[in-house]
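J.: can't give you the sequence, but here's the structure:
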């Protein structure tokens, strides 16, 4: 297996095989029983002679578990705590009292330049390319997560991510982004890192502590990082209905968001009713009129001089991929609904599709 710190399908399958062999619960999760069995198996493998190995000593067990966790939690975290405003650190706290991680979305993205995130009020930030920035020490009490502030670390994901209805907050100003695979992997690695470093036991959503953060962090981040941590490492989120103060519980839909259910395409919000097009599930084919609109929009957005001839040639495809990459979309050069809506969110005139018979 690759020693890359990623609990991928191959590693999970190997864990299940080991659990079957040891007659343990076959769930692919490395819980206490599986850890102990791994320790004993390792000792057995190293033992020499006919005598069975002795039970592992506590020191050896600790050393093995540390090396095992180190392989899983070797995150590349950029320490920027010396560059961020100390005025945001309201007071010091004992890190041993911190047991929760609160997931947030920034509702904006400034790209992949770490320096542009120095003023974000969070302990950690995760950028679109998967960089993990530590902005403030865990010992710092921040005004980041409302009633969860005292016992939690705040983790912000760069991007303006959609709700379960496919809508992004003020998309015409802040865009509408997709959570990247690099962010997912970085978020999961940070969870493992905090389990090792501070004994993390809870993972929470900002919406649970604030009535004004309904889509914070949103279904994508919650399912891919929060629910993942619950399913794989047994972290707790307070359970169904849990919230504090003016917050709202985690929607049941968030918990199952990535399990094959159809998810809506992005819809920019808000658009004025008189200019908002009525989107179908699929857009019309790339007709000359549609491509002309695309070329005109790309020229306006990117400062290009594409011929507005209605031909989707290599130059137009390349420009389209560039726009998609800038907006955090799948850079496939295909004029799909998400790309069209992102163009309009960036200021393009809405394209009206012909009625279908």
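T.: Structure received. Small disclaimer: the values here were computed from a predicted structure and weren't measured.
J.: Residue 225 against residue 192, yeah?
T.: No: counting by CB atoms under 8 Å, residue 225 does not reach residue 192; the two are 11.1 Å apart. All C-beta spots, glycine's among them, are computed from the backbone N, C-alpha and C.
J.: Read off the pLDDT value for residue 327.
T.: Predicted confidence (pLDDT) at residue 327: the value is 79.
J.: okay, now it: neighbour count?
T.: Neighbours of residue 327 under the rule other CB atoms under 10 Å: 20.
J.: give the contact list for it.
T.: 175-177, 339, 342, 346 (CB atoms under 8 Å, 6 or more residues apart in numbering).
J.: Could you check which of residue 225 and residue 192 has the larger neighbour count?
T.: Shown here are residue 225 and residue 192; by other CB under 10 Å, residue 225 has more neighbours (26 against 21).
J.: Check the spacing between the more buried one and residue 123 real quick.
T.: Distance, residue 225 to residue 123, using CB to CB, to the nearest Å: 15 Å.
J.: which residues in the stretch 1-150 of the chain form strands?
T.: Under the criterion DSSP state E, counting those that start in this stretch, the stretch 1-150 of the chain contains strands at 77-79, 91-92, 100-105, 124-126, 132-134, 140-141.
J.: partner strands of the fifth one, parallel or antiparallel?
T.: Okay, so that is strand 132-134. The pairing partners recorded for strand 132-134 under DSSP bridges are strand 77-79 (parallel), strand 124-126 (antiparallel).
J.: One more: the longest one?
T.: Under the criterion DSSP bridges, strand 100-105 sits next to strand 152-157 (parallel), strand 202-205 (parallel) in its sheet.
J.: How is this structure partitioned into domains?
T.: The chain breaks down by automatic domain parsing into domains covering 9-72, 77-255, 271-345.
J.: okay, now residue 137: neighbour count?
T.: The burial count for residue 137: 15, using other CB under 10 Å.
J.: what's near enough to touch the nearest residue to it once chain neighbours are set aside?
T.: In this structure, residue 137 finds its nearest non-sequential neighbour in residue 81, 5.4 Å apart by CB to CB, 6 or more residues apart in numbering. Listed by CB under 8 Å, 6+ apart, the contact set of residue 81 reads 134-137.
J.: and what of residue 339?
T.: By CB under 8 Å, 6+ apart, the contact set of residue 339 is 320, 323-324, 327, 329.
J.: quick one: residue 211 and residue 244 touch, right?
T.: No: checked against CB under 8 Å, the pair residue 211 and residue 244 is beyond contact range at 10.6 Å.
J.: picking that back up, so which of the contacts of residue 327 comes closest to residue 161?
T.: Using CB to CB, residue 177 comes nearest to residue 161 of the contacts of residue 327, at 5.9 Å.
J.: Check the spacing between the closest one and residue 127 real quick.
T.: Distance of residue 177 to residue 127, given as CB to CB: 12 Å.
J.: again, but for residue 319
T.: From residue 319 over to residue 127 (counting by CB to CB), the distance is 24 Å.
J.: Who has more neighbours out of the two?
T.: Using other CB under 10 Å as the criterion, residue 319 and residue 127 rank with residue 127 on top: 26 against 20.
J.: Deepest-packed of the strands paired with strand 100-105, please.
T.: Across the strands paired with strand 100-105, averaging neighbours per residue (mean count of other CB atoms under 10 Å) puts strand 152-157 on top, at a mean of 26.
J.: Identify the residues contacting that one?
T.: Contacts for strand 152-157 (CB under 8 Å, 6+ apart): 98-106, 120-126, 138, 142, 144-145, 179, 183, 187, 190, 194, 198, 202, 204, 217, 221.
J.: Next, report how far that strand is displaced from the centre of its chain.
T.: On the basis of CA atoms, centre = their mean, to the nearest Å, strand 152-157 is displaced by 11 Å from the centre of the chain it belongs to.
J.: do stretch 114-129 as well
T.: Between the centre of stretch 114-129 and the centre of its chain there are 14 Å (CA atoms, centre = their mean).
J.: what's the answer for stretch 224-236, then?
T.: 13 Å.
J.: Any buried residues in it, and which?
T.: Applying a neighbour-count criterion of 16 or more other CB atoms under 10 Å, the buried positions in stretch 224-236 are 224-230, 232-233, 235.
J.: Same question for stretch 135-144.
T.: Of all the residues in stretch 135-144, those buried under the rule 16+ other CB under 10 Å are 135-136, 138, 140-142, 144.
J.: Identify all contacting residues around it.
T.: With CB under 8 Å, 6+ apart, stretch 135-144 has contacts from 80-81, 84, 88-95, 98, 102, 104, 117-118, 120-125, 149-150, 153-154, 198.
J.: How far does it stretch from one end to the other?
T.: 12 Å (CA to CA, to the nearest Å).
J.: average pLDDT across that stretch?
T.: Taken as a whole, stretch 135-144 carries a mean pLDDT of 96.
J.: Likewise for stretch 77-91?
T.: Mean per-residue pLDDT for stretch 77-91: 96.
J.: What segments of the stretch 201-350 of the chain are strands?
T.: Secondary structure of the stretch 201-350 of the chain (DSSP E, counting those that start in this stretch): strands at 202-205, 267-268.
J.: These: lowest mean pLDDT?
T.: Mean pLDDT is lowest for strand 267-268 among the strands of the stretch 201-350 of the chain, at a mean of 36.
J.: pLDDT at residue 297, what is it?
T.: Residue 297 carries a pLDDT value of 87.
J.: show me the contacts for the residue lying closest to it once chain neighbours are set aside.
T.: Leaving aside its chain neighbours, residue 297 sits nearest to residue 348 (3.9 Å; criterion: CB to CB, 6+ apart). Contacts were defined as CB under 8 Å, 6+ apart; by that measure residue 348 touches 293, 297, 300-301.
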